[in-house]
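Participant: here is my input, please return the structure:
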Amino acid sequence: MRRSGTADLPLHGGRVPAWLADRMTMLGTAICEAVVHHYGPSELLTRLSDPFWFQALGAVMGMDWHSSGITTSVMGALKRGLTPRAHELGIYICGGRGRHSRRTPDELRTLGDRFGLDGEGLVRTSRLTARIDNNAIADGFQIYLHTMVVTRKGEWAVVQQGLNDATRTARRYHWHSASVRDFVSAPHTAIVGTSAGTIVNLVDSQAAPAQQAMLALVRESPDRVAGEVRRLVVPRRHDVRPEDVDARRLGAVLAVAHERDLRDFASLLLVEKLGPRTLQSLALVAEVVHGTPVRFSDPARFAFAHGGKDGHPFPVPLRVYDETIDVLRRSLDRATLDDRQRDDGLKRLDRFVRAVESHMAPEADVAGALAYERRMSPAFDGRTVFDREPREVPRPARRRKGQGILPFD
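Facilitator: Presented below is the predicted three-dimensional model:
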């Protein structure tokens with residue numbers, strides 16, 4: 001079996017405050033809905049199974065760009081937001097952290113009964129991916145979060161995370177059914193990490209295919225196997241540094257947002273009167289929705305959309321965050337009413353930023369951009385988990401029957 005990838009992350013404690021958790025639910029749901037709208041449910045699973053895209057998604061949603069909390073918070077937000085829309089979108093999220101992960105089998109059986117899928121087969125797959133990552137490889141990580149995302153047609157992706165108490169790190173594992181050939185004859189794409197001892201003996205008879213997979217793995221060339229997996233390893237430090245960011249890609253975003261001629265043209269594409277800071281966030285959100293896998297090699301860059309809850313690289317700009325949600329929501333409402341508007345302003349904004357990147361090749365002053373964000377934070381209603389003042393979370397406006405929607409095309 002081919003695992004899609006892994007991500008090694010510093011362990012972060014604490015909880016996501018309500019003022020951010022609710023906004024993450026709204027923004028994450030809108031981003032996933034946009035991906036499904038433009039590219040279909042299968043593409044969303046492909047992206048969720050990419051550790052780099054997943055990290056970029058968490059960063060653009062306001063989580064600290066490198067923390068272990070991205071996994072729990074993002075999957076929790078998506079489950080809260082997408083579950084009420086599951087039948088409409090054809091995306092079902094099962095499991096979660098702790099006690100929620102133990103509900104996964106029952107949730108999968110329910111899906112199987114409802115849509116004529118092999119529910120027991122999905123349960124077996126869920127258990128097998130967890131046991132392979134938890135038991136079959138002695139890498140020191142014990143799984144504590146397991147989420148399985150399933151489409152109505154039975155395609156699935158698994159996102160799960162393990163904890164290593166000794167190193168105070170977490171490792172996220174990604175799986176995707178599109179990469180599966182046979183649990184028995186095809187091993188993981190790679191097992192990457194510092195050796196923590198011999199392979200653990202599997203005692204459960206249901207995990208026998210995993211034993212065979214591990215035996216097959218040791219016959220492979222380590223160089224060939226390790227070279228095929230997408231693996232993300234982020235530093236333990238909290239701050240974002242220039243070496244973490246593709247300065248040319250960030251430069252294009254900043255140029256489109258803050259240089260008057262480019263900003264005016266970008267606003268014309270969107271048919272929105274947007275300030276430069278909101279345009280900056282929307283450009284990064286547009287890339288998360290429409291970007292190709294190669295675009296996410298520097299997930300720290302996406303923290304320039306909405307900062308991070310701990311203030312790294314800068315406080316979450318609530319005023320900008322709320323306007324981003326509002327514009328994206330109106331875009332989706334417009335597309336829902338008129339399917340011909342699939343090629344909306346967000347897609348054209350993404351193409352425009354890439355054109356600027358290709359032809360003008362600006363280099364971002366990363367340190368200068370960070371200093372600007374911190375200086376302007378009060379004006380953007382910047383917020384971190386260390387602030388005590390509660391903030392009201394805006395609710396999406398409801399349309400009355402016959403009420404118009406601001407065009408976004």
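Participant: tell me the helix or strand right after the worst-scoring helix or strand of the chain on mean pLDDT.
Facilitator: Ranked by mean pLDDT, DSSP states H and E, the weakest helix or strand in the chain is helix 222-226, scoring a mean of 39. Sequence order places strand 230-233 as the next helix or strand after helix 222-226, per DSSP states H and E.
Participant: who does that following strand pair up with?
Facilitator: strand 3-10 (parallel) (DSSP bridges).
Participant: any idea of the mean pLDDT in the strand it pairs with?
Facilitator: Strand 3-10 carries an average pLDDT of 84.
Participant: heading C-terminal from it, find the next helix or strand.
Facilitator: Following strand 3-10 in sequence, per DSSP H and E, is helix 18-39.
Participant: may I see the buried residues of stretch 10-18?
Facilitator: 10, 12, 16, 17 (16 or more other Cβ atoms under 10 Å). Placement of C-beta: from N, CA and C, glycine included.
Participant: now the nearest residue to residue 24 once chain neighbours are set aside: which helix or strand?
Facilitator: Of all residues not flanking residue 24 in the chain, residue 77 sits nearest, at 4.1 Å (Cβ to Cβ, 6 or more residues apart in numbering). Following DSSP H and E, one finds residue 77 within helix 69-82.
Participant: quick one: buried residues of the very next helix or strand once past that helix?
Facilitator: Downstream of helix 69-82, the first helix or strand assigned by DSSP H and E is helix 86-89. Neighbour counts over helix 86-89 (16+ other Cβ under 10 Å) mark residue 89 as buried.
Participant: which other residues reach helix 86-89?
Facilitator: 32, 33, 36, 41, 82, 92, 93 (Cβ atoms under 8 Å, 6 or more residues apart in numbering).
Participant: moving C-terminal from that helix, which element do we reach first?
Facilitator: strand 91-97.
Participant: now do the helix or strand following that next one, average pLDDT.
Facilitator: Heading C-terminal from strand 91-97, the first helix or strand you meet, by DSSP H and E, is helix 99-102. Averaged across helix 99-102, the pLDDT comes to 87.
Participant: could you export helix 99-102 as CSV, CA atoms only?
Facilitator: Output of helix 99-102 as CSV, limited to C-alpha atoms (Å, rounded to 0.1, in the frame of the first residue of the first chain):
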residue,chain,number,x,y,z
ARG,A,99,-13.3,8.9,21.7
HIS,A,100,-14.3,10.2,18.3
SER,A,101,-11.9,7.9,16.6
ARG,A,102,-13.5,4.9,18.3
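Participant: give the other helices and strands that it contacts.
Facilitator: Here helix 99-102 touches strand 142-151, going by 3 or more Cβ pairs under 8 Å, 6 or more residues apart in numbering; DSSP states H and E.
Participant: again, only using 7 Å
Facilitator: With contacts defined as 3 or more Cβ pairs under 7 Å, 6 or more residues apart in numbering; DSSP states H and E, helix 99-102 has no helix or strand neighbours.
Participant: any idea how far residue 238 is from residue 76?
Facilitator: 22 Å (Cβ to Cβ, to the nearest Å).
Participant: tell me which of these two has more neighbours.
Facilitator: residue 76 (21 against 16; other Cβ atoms under 10 Å).
Participant: now do the contacts for that one.
Facilitator: residue 96 (Cβ atoms under 7 Å, 6 or more residues apart in numbering).
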